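Pasted the sequence and its predicted model underneath.
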Protein chains: 4
Amino acid sequence: MLKYTTTIRVRYADTDKMQFVYNGKYLEYFEVGRTELLRSVGLPYSEIEKAGYQLPLREAGLKFKQPAVYDDLLDVEAAVEKLYTAEVYIKYKITRKGTDVLIAEGFTSHMFIHEESKKPAKPPKIYIEKLAKYF
Amino acid sequence: MLKYTTTIRVRYADTDKMQFVYNGKYLEYFEVGRTELLRSVGLPYSEIEKAGYQLPLREAGLKFKQPAVYDDLLDVEAAVEKLYTAEVYIKYKITRKGTDVLIAEGFTSHMFIHEESKKPAKPPKIYIEKLAKYF
Amino acid sequence: MLKYTTTIRVRYADTDKMQFVYNGKYLEYFEVGRTELLRSVGLPYSEIEKAGYQLPLREAGLKFKQPAVYDDLLDVEAAVEKLYTAEVYIKYKITRKGTDVLIAEGFTSHMFIHEESKKPAKPPKIYIEKLAKYF
Amino acid sequence: MLKYTTTIRVRYADTDKMQFVYNGKYLEYFEVGRTELLRSVGLPYSEIEKAGYQLPLREAGLKFKQPAVYDDLLDVEAAVEKLYTAEVYIKYKITRKGTDVLIAEGFTSHMFIHEESKKPAKPPKIYIEKLAKYF
């Protein structure tokens, strides 16, 4: 399994009048998590796009466990469990930095498409090459 | 079952470099859907907060079926299926306006909390009163 | 002068922990204002892009007069004052719907670019044709 | 003069279909800039709020010089020029990290308010104490 943890700081812009982080923001935190996961294996997502591919979401799930508040430091752990599948399935855990307090967890499921045609594509070579050694 | 459909227009701000609506935005569209659902039964969400309650998310799920693009008109249907449960469970369907093209679907699950203490609360009276007749 | 007013509803997502609309959101409200201004003269901004042009911001200014809060209905007035200039200059006034309460005002200044090359362009024909009669 | 530079990474969520960072996002980047400026002098903005004050925007200005794109690393420099004034005036410069390429510049002007009453307040003691030595 491939796993990586990134730390992010909650912005004022991320909060809502309930004093907590707005629910939709967590999908953005997940994005940061998987972006840095990919970068950590030498495959920045921007390289995937330069190679003519994109990786849109097909599905997402989120469980909100504890509220996060303004200026919190959050650890976003992103993990890929299986490689050779038609879909890219990533799991996330967000904890308050330096603690076990689980803020949110969830997943996103993606498929590769060709950037130009927007049609489904097999995982590109660079993706398989860079990730294979972790599985 | 209680159901309501609201139309929203995709903003430029909602799109990303993939040319589609950014995935996190759909949770905002779901918010608009349930807000207008509650307003349609004479219970604006702001009234719930004025009564001292809040309704944060516990869980959410989204399936992205077709991309939505800039300036699209989208119909957001929000539906409540059961009333007397500890959690408020809302289902959503987003279609391109005037068509059957399913853009996204999903759910959000909520629980009532007391605004001050942020502790779990039973559904407030006004909520039960306004919604009971639909079930 | 060309002027148009659109009504928008403040979303929960737009608010921050100060209970007010987050400052950056006003640029999004301005976007909605100018989008509907252009649509009102038969020139949806999407048509400008289909013609191969884009209209990015060069400059923006905002004055925050009164806070807007969750679920407020806001009137966004967008106005174009001059047509034959190198830049497109749009002024905005946001008021609480049905009142004179000024929430925010400001401007955005834009220039046309070619979509492909991202280089500066003269205002496209369709823009001049649709707007000339108002000046 | 007090000055501080923070680095941020452009998220996919920040981009729009023009391929650039959406204009409204820059106010969020400015927020990160001033947040870290305050933290750098030992006065996290959250402390200001804990002391019963808030610092909403009165005015903002932005000049967009060069587009920023997905995954760019940006340096956000925030600077306070004068201390003993009724308003807090902060200037910003965003450059591509490690270069002189100016992406955007601007300012935000703020005033202190009492968190409870939302009425104008003098700059709180902790603010003057922490910042005075820099002026």
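Everything's here; your move.

centroid residue for chain A?
By CA atoms, centre = their mean, chain A has its centre lying nearest to residue A:34, at 3.0 Å.

right, and that residue touches residue A:78 too?
Yes - using CB atoms under 8 Å, residue A:34 is in contact with residue A:78, at 4.7 Å. Any C-beta I mention is one placed from the backbone N, CA and C, and that applies to glycine too.

Which neighbours do the two have in common?
Shared contacts of residue A:34 and residue A:78, defined by CB atoms under 8 Å, 6 or more residues apart in numbering or on different chains, are found at A:90, A:92.

quick revisit: and what about the residue nearest to the centre of chain A, helix, strand or coil?
Following DSSP: H, G, I helix; E, B strand; the rest coil, the label given to residue A:34 is helix.

Compute the distance between it and residue A:50, please.
The gap separating residue A:34 from residue A:50 is 17 Å, by CB to CB, to the nearest Å.

do the same with residue A:132
Distance of residue A:132 to residue A:50, computed by CB to CB: 20 Å.

Chain D contacts on chain A?
Counting by CB under 8 Å from any CB of the partner chain, the positions of chain A adjacent to chain D are A:9, A:11-13, A:28, A:31-32, A:35, A:44-46, A:49, A:70-71.

switch the cut-off to 6 Å
A:12, A:13, A:28, A:31, A:46, A:71 (CB under 6 Å from any CB of the partner chain).

can you give me the helices for chain A?
Assigned by DSSP state H, the helices in chain A fall at A:25-40, A:45-50, A:125-132.

could the ones you listed go into JSON lines alongside distance to chain B and mean pLDDT?
Shown next, in JSON lines, are the helices of chain A (distance: least, CB to the nearest CB, whole Å; pLDDT from 0 to 100):
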{"stretch": "helix A:25-40", "distance to chain B": "4", "mean pLDDT": "98"}
{"stretch": "helix A:45-50", "distance to chain B": "8", "mean pLDDT": "96"}
{"stretch": "helix A:125-132", "distance to chain B": "17", "mean pLDDT": "92"}
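
what's the most buried one of the ones you listed?
Each of the helices of chain A was given a mean neighbour count from mean count of other CB atoms under 10 Å in any protein chain shown, and the largest, a mean of 22, is that of helix A:25-40.

elements contacting that helix?
Using 3 or more CB pairs under 6 Å, 6 or more residues apart in numbering or on different chains; DSSP states H and E as the contact test, the elements touching helix A:25-40 are strand A:2-9, strand A:73-80, strand A:88-96.

Convert the C-alpha atoms of it to CSV, please.
Provided in CSV are the C-alpha atoms of helix A:25-40 (Å, rounded to 0.1, in the frame of the first residue of the first chain):
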residue,chain,number,x,y,z
LYS,A,25,-14.0,22.0,1.8
TYR,A,26,-13.0,18.5,2.8
LEU,A,27,-13.1,17.4,-0.8
GLU,A,28,-10.5,20.1,-1.4
TYR,A,29,-8.4,18.8,1.5
PHE,A,30,-8.7,15.3,0.0
GLU,A,31,-7.4,16.9,-3.3
VAL,A,32,-4.3,18.2,-1.5
GLY,A,33,-3.8,14.8,0.1
ARG,A,34,-3.8,12.9,-3.2
THR,A,35,-1.8,15.6,-5.0
GLU,A,36,1.0,15.3,-2.4
LEU,A,37,0.7,11.5,-2.4
LEU,A,38,1.4,11.4,-6.1
ARG,A,39,4.2,14.0,-5.8
SER,A,40,5.8,11.8,-3.1
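
any idea how far the residue lying farthest from the centre of chain A lies from chain D?
Distance to the chain centre peaks in chain A at residue A:17, reaching 26.0 Å (criterion: CA atoms, centre = their mean). Distance of residue A:17 to chain D, given as CB to the nearest CB, to the nearest Å: 13 Å.

and that residue, what does it touch?
By CB atoms under 6 Å, 6 or more residues apart in numbering or on different chains, the contact set of residue A:17 is C:15, C:19, C:70.

10 Å instead, please
Residue A:17 sits next to B:49, B:54, C:10, C:12, C:14-21, C:69-70 when contact means CB atoms under 10 Å, 6 or more residues apart in numbering or on different chains.

that older thread, can you check which of the helices and strands packed on helix A:25-40 gets nearest to chain B?
Chain B lies closest to strand A:88-96 among the helices and strands packed on helix A:25-40, at 12.5 Å (CB to the nearest CB).

Is any residue of the closest one near chain C?
No - Strand A:88-96 does not reach chain C (CB under 10 Å from any CB of the partner chain); its nearest approach is 17.2 Å.

Remind me what that strand packs against, helices and strands.
Here strand A:88-96 touches strand A:2-9, helix A:25-40, strand A:57-64, strand A:73-80, strand A:102-110, going by 3 or more CB pairs under 10 Å, 6 or more residues apart in numbering or on different chains; DSSP states H and E.

so does the third one get close to chain C?
No - if you take CB under 10 Å from any CB as the test, strand A:57-64 misses chain C, and the best it gets is 14.5 Å.

send the alpha carbons of that strand over as PDB?
What follows is strand A:57-64 as a C-alpha-only set of coordinates in PDB (Å, rounded to 0.1, in the frame of the first residue of the first chain):
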ATOM      1  CA  LEU A  57     -13.800  11.800  -9.700                       C
ATOM      2  CA  ARG A  58     -16.500   9.100 -10.200                       C
ATOM      3  CA  GLU A  59     -17.500   8.900  -6.600                       C
ATOM      4  CA  ALA A  60     -16.700  10.300  -3.200                       C
ATOM      5  CA  GLY A  61     -17.600   9.500   0.300                       C
ATOM      6  CA  LEU A  62     -17.100  11.500   3.500                       C
ATOM      7  CA  LYS A  63     -17.600  10.900   7.200                       C
ATOM      8  CA  PHE A  64     -17.400  13.900   9.400                       C
END
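
How confident is the prediction for residue A:55, by pLDDT?
Looking at residue A:55, its pLDDT stands at 95.

how near is the nearest residue to it once chain neighbours are set aside to residue A:45?
Distances taken as CB to CB, 6 or more residues apart in numbering or on different chains place residue A:110 nearest to residue A:55, at 4.6 Å, with adjacent residues excluded. Distance of residue A:110 to residue A:45, computed by CB to CB: 11 Å.

Give the intersection of the neighbour lists for these two.
Common neighbours of residue A:110 and residue A:45 (CB under 10 Å, 6+ apart) are A:34, A:54, A:55.

dump the residue contacts of the first one.
Read it as residue A:34. Remark: with contacts taken as CB under 10 Å, 6+ apart, residue A:34 is in contact with A:4, A:6, A:45, A:55, A:76, A:78-80, A:88, A:90-92, A:108, A:110, D:12.

6 Å instead?
A:78, A:90.

Based on its surroundings, how many neighbours for residue A:119?
Residue A:119 has 8 neighbouring residues, counting by other CB atoms under 10 Å in any protein chain shown.

Without its sequence neighbours, what residue ends up closest to it?
Counting by CB to CB, 6+ apart, the nearest residue to residue A:119 once its immediate chain neighbours are dropped is residue A:113, at 6.1 Å.

Ok, residue A:18 next?
residue B:54 (5.5 Å).

Surely that neighbour and residue B:112 touch.
No - counting by CB atoms under 6 Å, residue B:54 stays clear of residue B:112, with 7.3 Å between them.

What is the burial count for residue A:100?
Burial of residue A:100, expressed as a neighbour count using other CB under 10 Å, amounts to 6.

do you know how far residue A:57 is from residue A:37?
15 Å.

for residue A:60, same thing?
The gap separating residue A:60 from residue A:37 is 16 Å, by CB to CB.
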